[in-house]
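S.K.: Got a sequence here, can you model it:
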Amino acid sequence: HGRCRARRGGVRGVTAAAPIARPRRRKPLEVRFWSKVTKTDRCWEWTGALYRNGYGAIFCGTHVDRAHRVSWRLHFGAIPDGMFVCHCCDNPSCVRPEHLFLGTPADNMADMHRKGRAVLLTGEDVPTSRLTRADVAYIRAHYVRGTNRWIRGNCAELAERFRVDRSVITRIAAGRACAA
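M.R.: Predicted coordinates:
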């Protein structure tokens, strides 16, 4: 059945030699990188594996890295700690070095806002929000602050009614939360 009796354990006292494990010889990173790049007039598109968000992925010896970061290292050298490799073309699969720049996380966010890609949700537009604009208006209109421990306000009752913490009620009433 394709295997010798020694390997199947059919001969007493004879064991088969373990097969020689040969290390898999992987092509150099640069060769593998360029085999997955298609150059166009505008962007150099990564045609290899992609993350769900569209960024290219390539195995770098011990880990998988983003293709645009590998492109930066191949063209310009190491990426300083804490720095992002950002795209000026806003194409996550682009690896063209002229379309990449180094920036801090704050630079990356500023670039996103400047280009209008930021989606800022506030108030009841936030999926986890518990209060509507009408709830906030009601809280502000009906909040009564207690003056001391004997004359209590209605913070606890409002918090229980809207199923939020009392600190949320006091911040809304003071205008420090929910600018609705």
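
S.K.: C88: what's it in contact with?
M.R.: C88 is in contact with H99, L100, F101, D111, counting by CB atoms under 8 Å, 6 or more residues apart in numbering. From N, CA and C alone the C-beta is placed, and that goes for glycine too.

S.K.: Mind checking which of those residues are in strands?
M.R.: Mapping the contacts of C88 onto strands (DSSP state E) picks out L100, F101.

S.K.: Out of the contacts of C88, who's the most crowded?
M.R.: Ranked by neighbour count (other CB atoms under 10 Å), the contacts of C88 have L100 at the top, with 20 neighbours.

S.K.: what's the closest of the contacts of C88 to W44?
M.R.: H99 (7.9 Å; CB to CB).

S.K.: re the thing from before, and the contacts of C88, which is closest to R117?
M.R.: Comparing these against R117 with CB to CB places D111 closest, at 8.5 Å.

S.K.: Could you give the backbone dihedrals for the residue nearest the centre of the chain?
M.R.: In the chain, the centroid-proximal residue (CA atoms, centre = their mean) is N53; its distance is 8.7 Å. Here is the backbone geometry of N53 (degrees, to the nearest 10): phi -90, psi 10.

S.K.: can you give me the strands for this structure?
M.R.: Under DSSP E, the chain gives strands at 37-39, 44-46, 57-59, 64-66, 84-87, 100-103.

S.K.: got a list of what the residue nearest to the centre of the chain touches?
M.R.: P92.

S.K.: ok, now R152?
M.R.: Contacts of R152 (CB under 8 Å, 6+ apart): G146.

S.K.: separation between it and E160?
M.R.: Distance, R152 to E160, using CB to CB, to the nearest Å: 13 Å.

S.K.: buried set for stretch 103-123?
M.R.: In terms of neighbour count (16 or more other CB atoms under 10 Å), stretch 103-123 has its buried residues at N108, D111.

S.K.: what's next to it, contact-wise?
M.R.: By CB under 8 Å, 6+ apart, stretch 103-123 touches 82-84, 86, 88, 90, 127, 129, 131, 133, 136, 178-180.

S.K.: in stretch 54-72, what's buried?
M.R.: For stretch 54-72, by 16+ other CB under 10 Å, it's Y55, G56, A57, I58, D65, R66, A67, H68, R69, V70, S71, W72.

S.K.: what are the phi and psi angles of G77?
M.R.: Backbone torsions of G77, given as degrees, to the nearest 10, read phi 100, psi -160.

S.K.: How many neighbouring residues does it have?
M.R.: 8.

S.K.: cool, V168 as well?
M.R.: 19.

S.K.: my read: it touches A177, true?
M.R.: Yes: using CB atoms under 8 Å, V168 is in contact with A177, at 6.6 Å.

S.K.: coming back round to it: any quick ChimeraX command for the buried ones out of the contacts of stretch 103-123?
M.R.: One line in ChimeraX is enough to select the buried ones among those; burial here means 16+ other CB under 10 Å:
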select :83,84,86,131,136,178
